[in-house]
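>>> Sequence first, predicted coordinates after that:
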Amino acid sequence: MKLVRHPQSPLLYPNPLHQWESVNVFNCAVTEWNGLFHMHYRAQGVDFISHIGYAVSADGLHWNRLEKPVVAPHQGREDYRGVEDPRVTPLEGTFYMCYTAYGENGNFPMIAQSDNLITWTDVGPLEKTENKDHVLFPEKINGRYAILHRRRPHIWIAYSDDLKTWTDHTIIMSPREDNLWDAKSIGANGVPVKTEHGWLLFYHGYGKEHIYRQSVALLDLQNPAKVIHRPKSFFMQPEETWEIRGDVPNVIFSCSNNVVNNQLYFYYAGADRLIGLATAPMKDVIQFARKGK
Ligand code: BMA
């Protein structure tokens, strides 16, 4: 299975007129709501402090952005180095954003909420220790909120009744030491997609050469701690010049995997600098997840 890079890619570039997004725009979440595509993206200026910007689009290709970020560092020493890597989950009429707070003690995973996708208030941290790549499931599982997260180098799951206290932390997937592309570290991408075959989990991994590649796994619908299928191979790797060279070389990174008219819309960042789109029929993605071809 091969994703097809959209001919108009890359779709979003840094904007030299805005200090906060003048150097890099990357790692975006895209949410379909009210007939529009809403993008939350990580952006950096010359100080490399990340902010989260917002853009809206009628077709998913042409984006109109707000002048100011919608989430900026706001917790003093705890996130003064930046707010990073948004993943947005619609759940029970509210939008939840999982983002990484980067401050004097390193990274920790935060959760915020919004009714309109523009004004965000913090719900609280998932935990206050080194952790990222967290993303909420789009529905409760057995009556509780469920979240994926990454205590390096594994993907974990945890559960909560109120989105504030998280328990039952369990490793669900680990790097495969004998497998070239995901031997060292893995992390979840966007909101897991519910299918009749299980939760489709899009995830990234890297091995010795530190090349960020992309693949999928299928998790049990009732018990997503159980991995049903995990292909050996990846479905996408850096190939275009803008994916190989940029701020951080050889990175394809994604915080969103949307399904639009039975197509996977895989928004991703190349080399931590630009945002692009690749697509594939969902039936091919599911077949790849089940058979690994
Ligand atoms: C990881 C991520 C991203 C970034 C990637 C590659 O740690 O959290 O923020 O895109 O590194 O540099």
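Nice, thanks for sending it over.
>>> what mean pLDDT does the helix or strand hosting Leu148 have?
In the assignment (DSSP states H and E), Leu148 maps to strand 145-150. Throughout strand 145-150, pLDDT has a mean value of 98.
>>> And the ligand, is the helix or strand that that strand is followed by touching that?
Sequence order places strand 155-160 as the next helix or strand after strand 145-150, per DSSP H and E. No. Applying Cβ under 6 Å from any ligand atom, one finds strand 155-160 out of contact with the ligand, separated by at least 13.4 Å. Backbone N, C-alpha and C define where each C-beta goes, glycine included.
>>> Any idea how far apart the tips of stretch 59-77 sit?
For stretch 59-77, the first-to-last residue distance is 39 Å (Cα to Cα, to the nearest Å).
>>> Could you show which parts of the stretch 101-250 of the chain are in contact with the ligand?
Residues of the stretch 101-250 of the chain lying near the ligand (Cβ under 6 Å from any ligand atom): Lys132, Tyr212, Val248.
>>> swap the cut-off to 5 Å and go again
The stretch 101-250 of the chain comes close to the ligand at residues Val248, as judged by Cβ under 5 Å from any ligand atom.
>>> hang on, the earlier thing: can you tell me what sits against the strand holding Leu148?
With Cβ atoms under 8 Å, 6 or more residues apart in numbering as the test, strand 145-150 has contacts from 91, 98, 109, 126, 131-137, 140, 155-163, 166, 172, 186-188, 192, 201, 224.
>>> Can I have the buried ones of the residues you listed as a ChimeraX selection?
Command for ChimeraX that selects the buried part of the contacts of strand 145-150, burial taken from 16 or more other Cβ atoms under 10 Å:
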select :91,98,109,126,131,132,133,134,135,136,137,155,156,157,158,159,160,163,166,172,186,187,188,192,201,224
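>>> quick one, the strand holding Leu148 and strand 155-160 angle?
For strand 145-150 against strand 155-160, the angle by axes from the mean of the first three to the mean of the last three Cα atoms, to 10 degrees is 150 degrees.
>>> burial measure for the closest residue to Thr119 other than its chain neighbours, as a count.
Among residues not flanking Thr119 along the chain, Val70 sits closest, at 7.5 Å (Cβ to Cβ, 6 or more residues apart in numbering). Counted with other Cβ atoms under 10 Å, the neighbours of Val70 add up to 21.
>>> thought Val70 was touching Ala43?
No. Using Cβ atoms under 8 Å, Val70 is not in contact with Ala43; the gap is 10.7 Å.
>>> what touches both of the two?
Shared contacts of Val70 and Ala43, defined by Cβ under 8 Å, 6+ apart, comprise Ile52, Gly53.
>>> on that earlier part again, mind listing what the strand holding Leu148 pairs with, with the direction of each?
According to DSSP bridges, strand 145-150 forms sheet pairs with strand 132-136 (antiparallel), strand 155-160 (antiparallel).
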